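Participant: 3D model of this:
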Amino acid sequence: MSFDLASAMASSEAAAPFDQEAVCAELDHWFFEVYINHWVDVGAGRRDDGPEFILDYWGTPMFATNDKPSLAAWLLTGEEIIQFLAIQHQVLQDGGYTHTHVPDKKIRAYNNSGGAIEVIWSRRAADETEIQRFVVHFECAKFGDTWKVVGLHSRATNPALDGDTIDGAWAHAPQGEA
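Facilitator: Coordinates of the predicted model:
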């Protein structure tokens with residue numbers, strides 16, 4: 001299958017005008033009401049879907065970076081993306097994960113087919129013990145009628161330093177780090 005960039009660009013000229021508010025609302029709904037609920041239910045063991053469900057939400061390839069554990073890699077295949085998710089879910093399940101609290105989030109629409117979501121994930125056990133805390137930047141792209149994450153950048157964060165805000169989380173490294 002070949003891709004004709006000139007044809008794709010010509011057909012995009014007839015696309016609907018950009019409505020930033022509508023695209024942000026669409027991203028918010030897809031990410032926080034559809035995707036994250038599915039992710040949490042699988043991670044907490046309330047839903048029997050295997051980790052391959054993630055391919056409905058994450059694109060291939062996808063670039064991912066993280067500080068703990070250290071990672072900067074292209075996940076080039078569905079199998080690599082499934083493995084990446086399975087590792088995350090196993091760590092959380094070992095800690096008694098039940099839910100994710102979202103202290104802060106930001107959504108930005110670039111155009112009708114692209115946007116970004118930044119969020120603080122506070123992943124917790126039933127007694128509200130925090131198992132993990134990350135600030136994450138998700139790059140999202142719309143393929144037809146479907147949004148997918150095509151890149152993510154994350155690092156551990158600390159509420160004493162970040163004040164439960166996205167801006168604070170990116171501005172301050174967790175304690176003991178430069």
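Participant: Assumed residue 59 was part of a helix.
Facilitator: No. Looking at residue 59 with DSSP: H, G, I helix; E, B strand; the rest coil, it is strand, so not inside a helix.
Participant: isn't there a helix covering residue 90?
Facilitator: Yes. Under three-state DSSP, residue 90 sits within a helix.
Participant: what about it, neighbour count?
Facilitator: 13 (other CB atoms under 10 Å). All C-beta atoms are positioned from the backbone trio N, CA, C, and that covers glycine.
Participant: ok, now how distant is it from residue 155?
Facilitator: 20 Å (CB to CB, to the nearest Å).
Participant: Okay, helices next: where are they in the chain?
Facilitator: Taking DSSP state H as the test, the helices found in the chain are 5-12, 20-28, 36-43, 78-94, 159-162, 166-171.
Participant: Return the member of these having the minimum mean pLDDT.
Facilitator: Of all these, the minimum mean pLDDT falls on helix 5-12 (a mean of 60).
Participant: Flag the shaky bits of the protein, pLDDT-wise.
Facilitator: 1-14, 175-178 (pLDDT under 70).
Participant: Would you convert the helices of the chain into JSON lines that also reports distance to residue 72?
Facilitator: Output for these, formatted as JSON lines (distance: least, CB to CB, whole Å):
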{"stretch": "helix 5-12", "distance to residue 72": "28"}
{"stretch": "helix 20-28", "distance to residue 72": "25"}
{"stretch": "helix 36-43", "distance to residue 72": "22"}
{"stretch": "helix 78-94", "distance to residue 72": "13"}
{"stretch": "helix 159-162", "distance to residue 72": "22"}
{"stretch": "helix 166-171", "distance to residue 72": "17"}
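Participant: I appreciate the help and will end here.
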